[in-house]
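Visitor: sequence and predicted structure below; questions after.
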Amino acid sequence: MNLSVIGCGYLGAVHASCMADLGHTVVGVDVDAAKVARLNAGDPPFHEPGLGEVLQRALASGRLRFTTDMAEVAGAEVHFIGVGTPQQLGTYAADLTYVDAAVDALVPHLTDGPNGPAVIAGKSTVPVGTAARLAETIGDAGVLVWNPEFLREGFAVQDTVAPDRLVYGLPPEPERAARAQEALDGVYVSILERGTPRLTADWASAELVKVAANSFLATKISFINAMAEMCEATGADVSFLAEAIGHDDRIGKKFLKAGVGFGGGCLPKDIRAFMARAGELGAEQSLTFLREIDSINLRRRQHVVNLTVHALEGRVPGKPVAVLGAAFKPHSDDIRDSPALDVASRLSGLGAKVRITDPAAGPVLRQVRPDLDVRDSAGDAIDGAHAVLLLTEWPEFVSLDPVELGERVAQRTIIDGRNVLDSAAWRAAGWTYVGLGRP
Ligand SMILES: NC(=O)C1=CN([C@@H]2O[C@H](COP(=O)(O)OP(=O)(O)OC[C@H]3O[C@@H](n4cnc5c(N)ncnc54)[C@H](O)[C@@H]3O)[C@@H](O)[C@H]2O)C=CC1
Ligand SMILES: O=C(O)[C@H]1O[C@H](OP(=O)(O)OP(=O)(O)OC[C@H]2O[C@@H](n3ccc(=O)[nH]c3=O)[C@H](O)[C@@H]2O)[C@H](O)[C@@H](O)[C@@H]1O
């Protein structure tokens, strides 16, 4: 099938590449000319394992190209919308200007094909009610379906070609719903043939599935971080607690890693946008618990700062501090609302000489945060440090040798912000080991 993907960031570039790799002909559109040039050259503009190979294979097949010119989408049967929906400055609400601009620019290029009207498939995460509003803009020019995306950064290719489920939010008119469903089934035929569950509903339910899923994931993380606070108050071990409760299948072991908390371009802004939307709908009470989820999460960042100040005996200004990790999670270079970067910034604000390092996010950090001392390796960041903070659990940080490192620091204090180090091994090498909710 002929497809277009509008917005080629973390979501769209992966979606466009994977759909072309599955055999479709795809044009990716983005307003960022530099990004388009890199994608056309087979050079992913961000770090995502496996994307380079899929992108290069799809480009070589001749089925994939990227452009800044919206007119080039004409003739595509399905148009995916994957532009950003960031948190609006100064409010909790989602900024929908990119979605609106993309749809406005797309509508004049929509054309009916032999199978019926063009289908617009929304993948961006939006407040409930957005699809109904966009459908008014689109009118009879096309059929709108909401098809939320559940991929995780770091596993984006795998999650795109082998998702847990596909969700279609269909239009209310049966004929248009049938057209949308048939078109998306055509796009995802090879994924559906493998038995992937496909759930269909109305627009609002599909929009809500996405924000409900992210709210649940955020809740799991803040729950275990609240338990970490209890462990800190009592000397108990949150890692043991998570493992022990996780044996109950109803609870499960996943997403119960206590630490410095969640960040990234999605969970934090999605729970806030969900609360803002609930307020607009007069249903704010239903989601007040998310306020607590957010504040538990932000508290963990300040807690790590406090632990560091304590380790430095309150004498922070001028003290070299090594921060291992800048991305919001390993296997990604995404620094949007990154807990690691937030802690580094707060410590820097207190006068510490922060040296930060990250295997993937270094280049982007140098560009957007020239105020920070970005180092090329953990060894380089650690030299002469009075405290070492592990805040993004990259495998190369988790496997660092405490004996070797001990020779290079001024003071052997390690703050394990992700509870991933072998505390006994670090202590045996003469370090003061500080975990989060771990004795
Ligand atoms: N990053 C992720 O892992 C996931 C993201 N999402 C959702 O997908 C959406 C996109 O997120 P990301 O890809 O992370 O954002 P991003 O910021 O990496 O990418 C958005 C892209 O849209 C482009 N853009 C903006 N306005 C445009 C326009 N009018 N026409 C064409 N291109 C335009 C930007 O230049 C940028 O390249 C958000 O709603 C997000 O919540 C959903 C699931 C996973
Ligand atoms: O809507 C989105 O964009 C995506 O948001 C998350 O994916 P992502 O943000 O890529 O990363 P996660 O693996 O969910 O991690 C989010 C944050 O939570 C933290 N986390 C995760 C798990 C855990 O147990 N503890 C914990 O602190 C991570 O370190 C990271 O900072 C969801 O997992 C995806 O399903 C969703 O599609």
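Guide: Arrived safely. Ligands and ions are numbered 1, 2, ... in the order given.
Visitor: going by C-alpha atoms from here, please, whenever you check contacts or count neighbours.
Guide: Will do.
Visitor: now do the residue sitting furthest away from the middle of the chain, the pLDDT please.
Guide: In the chain, the residue that sits farthest from the middle, by CA atoms, centre = their mean, is Pro114; the gap is 37.6 Å. The model reports Pro114 with a pLDDT of 96.
Visitor: tell me how far it lies from Thr308.
Guide: 64 Å (CA to CA, to the nearest Å).
Visitor: over to Ala93?
Guide: For Ala93, the distance to Thr308 - CA to CA - is 33 Å.
Visitor: and Asp415, its phi and psi?
Guide: One thing to correct before we go on: residue 415 is Ile, not Asp. Dihedral pair for Ile415: phi -110, psi 110, per degrees, to the nearest 10.
Visitor: one more: the one 4 residues further on?
Guide: Main-chain dihedrals, Asn419, degrees, to the nearest 10: phi 50, psi 50.
Visitor: i'd like the first residue to be 427 from this point on
Guide: Noted, 427 is the first residue going forward, which turns the last one into Asn845.
Visitor: neighbours of it, how many?
Guide: Taking other CA atoms under 10 Å as the criterion, the count of residues near Asn845 is 23.
Visitor: please name every helix or strand in contact with whichever strand or helix holds Val747.
Guide: Using DSSP states H and E, Val747 falls within strand 746-750. For strand 746-750, the elements it packs on are strand 779-783, helix 804-808, strand 813-816, judged by 3 or more CA pairs under 8 Å, 6 or more residues apart in numbering; DSSP states H and E.
Visitor: can you name every helix or strand that the following helix or strand past that strand contacts?
Guide: Note on strand 746-750: by DSSP H and E, the next helix or strand toward the C-terminus is helix 765-775. Applying 3+ CA pairs under 8 Å, 6+ apart, one finds that helix 765-775 contacts helix 714-737, strand 779-783.
Visitor: distance to Pro470 and mean pLDDT for those - can I get that in JSON lines?
Guide: Converted to JSON lines, the helices and strands packed on helix 765-775 look like this (distance: least, CA to CA, whole Å; pLDDT from 0 to 100):
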{"stretch": "helix 714-737", "distance to Pro470": "31", "mean pLDDT": "98"}
{"stretch": "strand 779-783", "distance to Pro470": "21", "mean pLDDT": "98"}
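Visitor: winner for burial among these?
Guide: Each of the helices and strands packed on helix 765-775 was assessed for mean neighbour count using mean count of other CA atoms under 10 Å. The highest is strand 779-783, with a mean of 25.
Visitor: now the angle between helix 765-775 and that strand, please.
Guide: Angle of strand 779-783 versus helix 765-775, following axes from the mean of the first three to the mean of the last three CA atoms, to 10 degrees, is 160 degrees.
Visitor: tell me the angle strand 779-783 makes with strand 746-750.
Guide: Going by the same axes, to 10 degrees, strand 779-783 makes 20 degrees with strand 746-750.
Visitor: what is the distance between strand 779-783 and the centre of its chain?
Guide: 24 Å (CA atoms, centre = their mean, to the nearest Å).
Visitor: which residues sit against that strand?
Guide: Applying CA atoms under 8 Å, 6 or more residues apart in numbering, the contact partners of strand 779-783 are 743-752, 770, 773-774, 798-804, 807-808.
Visitor: quick one, domains of the protein?
Guide: 428-622, 628-865 (automatic domain parsing).
Visitor: okay, buried residues for stretch 538-549 please.
Guide: Neighbour-count burial for stretch 538-549, counted by 16 or more other CA atoms under 10 Å, picks out 543-549.
Visitor: ignore the last one, stretch 522-537
Guide: For stretch 522-537, the neighbour count (16+ other CA under 10 Å) marks 522, 524-526, 528-529, 532-533, 535-537 as buried.
Visitor: can you put these in TSV and add secondary structure, pLDDT and distance to ligand 2?
Guide: Listed next are the buried residues of stretch 522-537 as TSV, based on DSSP: H, G, I helix; E, B strand; the rest coil; pLDDT from 0 to 100; distance: CA to the nearest ligand atom, whole Å:
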residue	secondary structure	pLDDT	distance to ligand 2
Leu522	coil	98	16
Tyr524	helix	98	16
Val525	helix	98	16
Asp526	helix	98	19
Ala528	helix	98	19
Val529	helix	98	21
Leu532	helix	98	24
Val533	helix	98	26
His535	helix	98	28
Leu536	coil	98	28
Thr537	coil	95	30
